[in-house]
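1. Predicted model and sequence follow; I will ask about them next.
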Amino acid sequence: MKKVELVRYIEKLSAIKLTSDEEEKFSRYFERVIDYFKVLNEMELGEVEPVFSALPMKNVTREDRAVSRDPEKIVKNAPKSEENYFKVPKTI
Amino acid sequence: MKLEDFSIFELSYLLKKRQIRAVEIVERYLSIIEEKNSKLNAFISVNERALEEAKRVDESISRGEAIPPYAGIPIAVKDNINIKGMETTCASEILKGYIATYDATAVRKLREKGFIFIGKTNMDEFAMGSSTEFSSFGPSRNPHDPERVAGGSSGGSAVAVASGMAQAALGSDTGGSIRLPASFCGVYGLKPTYGRVSRYGLVAYASSLDQIGPIARNVEDIAILLSVISGWDENDSTTSTMPVSDFFEYIFENRDRETYRIALPEEYWGEGLSIEVRKVLEEFLGFLKMNLFKIEKVSLPHTKYAIPSYYIIAMAEASSNLGRFDGVRYGRRVEGRTFREMIENTRGEFFGEEVKRRVLLGTFVLSAGYYEDYYLKAQKARTLIINDFKNIFREYDFVLAPTSPTLPFRIGEKIDDPLKMYLSDIYTVSPNLAGLPALNIPVGFSNGLPVGIQLIGNYFSENRMLKFAYFVEKEYSG
Amino acid sequence: MMDVVIGLEVHVQLKTKSKIFCSCPADYTKDIPPNTHICEVCTGQPGSLPVFNKKVLEYGVLLSLATESRISKLIRFERKNYFYPDLPKSYQISQYRAPLSYGGFIELKSGKRIRLQRIHMEEDAGKLVHVAGETFIDFNRAGVPLLEIVTEPDISSPDEAVEFLTLLRETVRYLGISDGDMEEGSLRCDANISLKPEGEDRLGTKVEIKNINSFKFVKRALEFEIKRQTEVLKSGGRVIQETRLFNEAKGTTESMRTKEEAHDYRYFPDPDLVPIEISQELIDRVSEDLVELPLQKYWRFRKEYGLNDERASILKSDYYMAEFFERTVKFVGNPEKVANWMTVEITGILRNVGKELKETPLTPENFSSLLKLLFEGKISRPAAKSVLKRALEIGEDPIQLIENEGLLQSRGDLSPLIEEILRSHADQVKDYCNGRKKIISFFIGQAMKITRGKADPVELKKIFEEKLKDACKGLD
């Protein structure tokens, strides 16, 4: 993928619209930081297991109990709503 | 003695003895806010009901009713932590107008103990930054020199505490966001062990690194706040079930001084450290040696991988965590013809520059074909960094490191060079990657600007860390 | 000839009380007003965090055991990132690299095994209503627990696909973990289908079919797609890899024709949830809830009770009905007759009134009593049928009905009636004696009329034959 295409692809995946100025600026930043990240390639990582959390925690679950709450305030925060539905423009 | 020189414990005592009223305390803090906030920009919003709540405390006391232990003490809260009924903006255009529908667990616990929330503090947008310059409300300013940054991202909280606008504050720390501003402003700031404090109600930046923690002017207050906010929470699967001790009692217990074994990792004391900061810190090390603590140089060999690993992990998690800000359920929206257009416009318009950079880059490191090269590699480096610390803590009680490589820098100095800004966190990100507790202790000044040292402890050793800090406070700083 | 290669991705909604990551009620049916079963967690409010419902794990383990899947020792949840209005966090919490289980199978009647690639747990999305250029969102369904079952491409015809889905539906119902109802959306199915020349190893281009919302459409959609692809290939064309939607009204599949988002979901382990270790203890405890599965039951019914394919199939389709059958047989024997009554009469009546057997007052006990009366000739077949019908329709105890209406009959009671009929129809008796034996049905009809159907016609015929024999002797 060419750099411009890659940046546009990332914009789409992130759902962020950049101006062409921003695109250019981001491209430069992107290249520099990715280059900096490459220091990780120095490491010998053969047998190393990744950790996805700092502390080894496991098996946290809750009981299957249902509680009804008052959700009125939640819909109130919506930029647009109607008859207790959240409202957005059409999907296609 | 000024009111703001008292500790939480002292104020509560005076209140219960009716030697001071809650309204007086709150009025005093509100007047300092009135006086200083326009210049220092610590607060995004001030709680209009604070005085009313203080009145209720006084009424309860005058009726002789039982009151919670810390009733009437004003606390500031970083604006990425929910207080029910108040706006949470994360200093972002995209969330303006969002009224939190629930209390964060840490906030609920403070409320139950009687604390009054005096306001929400300024920060880097979504906690992404090291200077509080990336705020849509403008930068917070360092109380010791308003031309300089407060540090970030919890800059508003540190400024509020350092300048006496609140008794203490909550911040959040993902890669140094409590410790760095605490150091720049000359106050104490603790990032607890990961899982010590519930993250429920903290707007997530990087979930595996974020922790809420206290910022205060003295060690006692840090201990009290930590005791209140710590503990397992059924709403946060990543909280620890480890019992929480009363940290405040602990620091006074067993007054005989312990001897500590302290490790100085050479990677933290090398050439990146500025001369001004080094001088102040070495003086402090001299004091420790005088007290016959065992201080030895050690190595944490994978330290150089900490910054890239940290930024890869934090950005990756952030790219996913910030997806929910799409203009559908809360916050602001820029309209579009289709749903897709609407969310792209909204996020393009209302996210700030640094947030966009990190979300975009975070998206990239997780995307097909790059996951293994960046994200997975960073998580492996994390294993190595954790092992480095585990080895050290087999033989030592604490690791001591600078909190910041430099003195507080000038506003605008690093804002155009993201990579340079990222390196401000060079000494603070490792404890987040490893989940270890770390505390900034103010140990002096250079050119009138505060310098802090970073105390890193083993998992869940906050009690011993605070005891050590209390000793330093009494014997060195005080 | 072309070989058909089908793989299915089935979503089964679990019948838990609460949602998978919060304590909101998991009930989102039409009667629940929009956005009332929601909270901070399932609408992705800033700062909210998920906590995993352990019942979902137990149900998932149960289905894994029932399909002989290998259960992973350590599982984790991952985030599947994409933007859509029904997805409140911009990611779905799902499983990717460490799913719940893999490598199971469901066996068809033919003995062929449809292998399962994997079973994993995930959260459902909200519901969208599209009205005049706008989209309305209801999050009541967001966070309802799902199991996703992915098959290997082992299915070679629409009929096999239907049989597989039927067995899967019956299995989840037997286990009590889901309603398995396609029309209500508690069982959803996407199909991948491709054609290849007979005997060829390499797979053809696969097409994904979505929006198959009913059992009867599964076959229609797949048959249409096979026909469409066959025609494309015959005319020298090339099948395009795409997603097609089934159009119920036309019975066709149609290309989505939208610019598809790149399927780059950026899966990574959800840092808000911790890994789950599945212990042998948990597996042992859950396995106590395992029951005999539909196909096992089918084969046992055929062997043990000598039932034919159709009857065994119907009986095994519903756990309660199968149990009902076996208990009834225990009381009254006659498995074939019992099966017949259940699969023809009862099933027919229930279909008409739109009820399920367990919703009626009919029990194996009172049904057995009814059958016993019938087998002993104490009640006529038409009377038994009408009692059964009313019992199922209006919900009354059948034995009570028989007593209330005096439906019990006896041989002695019928004799005077029959003699009276013969007396008043002397001409017809003469005809009978002269060889028109068929006229006996006229006499039976008369008797039925007078008894208003209470009498058993078989019994009547027997008695009429005896009495007429005597009468003819008298004529000689």
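-> Noted; the coordinates are in hand.
2. The lengthiest helix in chain A packs against which elements?
-> Looking across chain A with DSSP state H, the single longest helix is helix A:20-37. The helices and strands touching helix A:20-37, judged by 3 or more Cβ pairs under 8 Å, 6 or more residues apart in numbering or on different chains; DSSP states H and E, are helix A:3-14, helix B:306-321, helix B:353-366, helix B:418-422. Just so you know, the C-beta spots here come from the backbone N, C-alpha and C atoms, and that holds for glycine as well.
3. Show me the one of the ones you listed that comes nearest chain C.
-> When these are compared for distance to chain C using Cβ to the nearest Cβ, the nearest one is helix B:353-366, at 3.7 Å.
4. right, and the helix or strand after the closest one?
-> helix B:377-393 (DSSP states H and E).
5. any bit of that following helix sitting next to chain A?
-> Yes - residues of helix B:377-393 contacting chain A under Cβ under 8 Å from any Cβ of the partner chain: B:377-384, B:386.
6. wait, which of the helices and strands packed on helix A:20-37 is closest to residue C:383?
-> Nearest to residue C:383 among the helices and strands packed on helix A:20-37 is helix B:306-321 (69.1 Å), distances taken as Cβ to Cβ.
7. Tell me the gap between the closest one and the middle of its chain.
-> Mean C-alpha position of helix B:306-321 versus that of the full chain (Cα atoms, centre = their mean, to the nearest Å) differs by 18 Å.
8. how about the strands of the stretch 51-200 of chain C, start to end?
-> When assigned using DSSP state E, counting those that start in this stretch, the strands of the stretch 51-200 of chain C occupy the ranges C:52-53, C:70-71, C:74-75, C:78-81, C:91-94, C:101-107, C:113-123, C:127-131, C:134-138, C:145-151, C:187-197.
9. of all these, which lies closest to chain A?
-> strand C:134-138 (3.8 Å).
10. Show the average pLDDT along the closest one.
-> Strand C:134-138 shows a mean pLDDT of 96.
11. again with stretch C:5-14
-> Rounded to a whole number, the mean pLDDT of stretch C:5-14 is 97.
12. Over to stretch C:401-411?
-> Stretch C:401-411 shows a mean pLDDT of 69.
13. before we move on, what about stretch C:193-201?
-> Averaging pLDDT along stretch C:193-201 gives 88.
14. ditto for stretch B:70-80
-> Averaged over stretch B:70-80, pLDDT sits at 98.
15. tell me how far the ends of it are from each other?
-> 23 Å (Cα to Cα, to the nearest Å).
16. how far out from the middle of the chain is it?
-> Averaging C-alpha positions (Cα atoms, centre = their mean) puts stretch B:70-80 14 Å from its chain's average.
17. Return the most buried member of the helices and strands packed on helix A:20-37.
-> The highest average neighbour count among those, using mean count of other Cβ atoms under 10 Å in any protein chain shown, belongs to helix B:306-321 at a mean of 26.
18. which residue sits closest to residue 37, ignoring its sequence neighbours?
-> The chain I'm using is chain A. Nearest residue to residue A:37 in three dimensions, chain neighbours excluded: residue B:308, at 4.7 Å (Cβ to Cβ, 6 or more residues apart in numbering or on different chains).
19. The intended chain is chain B.
-> Excluding its sequence neighbours, the residue lying closest to residue B:37 (Cβ to Cβ, 6+ apart) is residue B:43, at 5.3 Å.
20. what do you get for residue B:171?
-> Across the structure, with Cβ to Cβ, 6+ apart as the measure, the residue nearest residue B:171 apart from its sequence neighbours is residue B:154 (3.1 Å).
21. Now do residue B:241: how many residues are near it, please.
-> 9 (other Cβ atoms under 10 Å in any protein chain shown).
22. let me redo that: residue C:391
-> As a burial measure, residue C:391 scores 24 neighbours (other Cβ under 10 Å).
23. That one reaches residue C:399, doesn't it?
-> No - counting by Cβ atoms under 8 Å, no contact exists between residue C:391 and residue C:399, whose distance comes to 9.1 Å.
24. Same list (the helices and strands packed on helix A:20-37) but as CSV, adding mean pLDDT and distance to residue B:32.
-> Formatted as CSV, the entries for the helices and strands packed on helix A:20-37 read as follows, by pLDDT from 0 to 100; distance: least, Cβ to Cβ, whole Å:
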stretch, mean pLDDT, distance to residue B:32
helix A:3-14, 93, 42
helix B:306-321, 98, 34
helix B:353-366, 97, 30
helix B:418-422, 92, 30
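25. helices or strands next to the helix or strand residue B:282 falls within in the packing?
-> Using DSSP H and E, residue B:282 sits in helix B:275-290. Contact here means 3+ Cβ pairs under 8 Å, 6+ apart; on that basis helix B:275-290 packs against strand B:294-298, strand B:398-402, strand B:438-446, strand B:449-457.
26. Could I get the average pLDDT for the first one?
-> The average pLDDT within strand B:294-298 is 96.
27. Give me the sheet partners of it and which way each runs.
-> Within its sheet, strand B:294-298 is paired with strand B:261-265 (parallel), according to DSSP bridges.
28. Can you give the distance of the strand it pairs with from its chain's centre?
-> Taking the mean of its C-alpha atoms, strand B:261-265 sits 24 Å from the chain's own mean (Cα atoms, centre = their mean).
29. And stretch B:374-387, by the same measure?
-> In terms of Cα atoms, centre = their mean, the centre of stretch B:374-387 is found 24 Å from the chain centre.
30. again with stretch C:334-354
-> 16 Å.
31. buried set for it?
-> Of the residues in stretch C:334-354, those buried by neighbour count under the rule 16 or more other Cβ atoms under 10 Å in any protein chain shown are C:335, C:338-339, C:341-343, C:346-347, C:349-350.
32. Kindly report the same for stretch C:354-372.
-> Neighbour-count burial for stretch C:354-372 flags C:357, C:360, C:362-364, C:366-371 (criterion: 16+ other Cβ under 10 Å).
33. ok, so of these, who is nearest chain A?
-> For the buried residues of stretch C:354-372, the minimum distance to chain A (Cβ to the nearest Cβ) is 27.9 Å, reached by residue C:357.
34. and that closest one, what does it touch?
-> When contacts are counted by Cβ atoms under 8 Å, 6 or more residues apart in numbering or on different chains, residue C:357 is found next to C:318, C:320-321, C:324, C:346, C:350.
35. Around chain C, which positions in chain A sit nearby?
-> For chain A, the residues found near chain C under the criterion Cβ under 8 Å from any Cβ are A:9, A:12-13, A:15, A:52-53, A:57-69, A:71, A:74-75, A:82-92.
36. Just the buried ones from those residues?
-> A:9, A:12-13, A:15, A:52-53, A:57, A:59-62, A:64, A:66, A:69, A:71, A:74-75, A:85-90.
37. near chain B, from the residues you listed?
-> A:9, A:13, A:15, A:52-53, A:57, A:60, A:62, A:74, A:86, A:88-90.
38. Make TSV out of those and add secondary structure.
-> Compiled in TSV, those are given as follows (DSSP: H, G, I helix; E, B strand; the rest coil):
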residue	secondary structure
A:9	helix
A:13	helix
A:15	coil
A:52	coil
A:53	coil
A:57	coil
A:60	coil
A:62	strand
A:74	helix
A:86	strand
A:88	strand
A:89	strand
A:90	coil
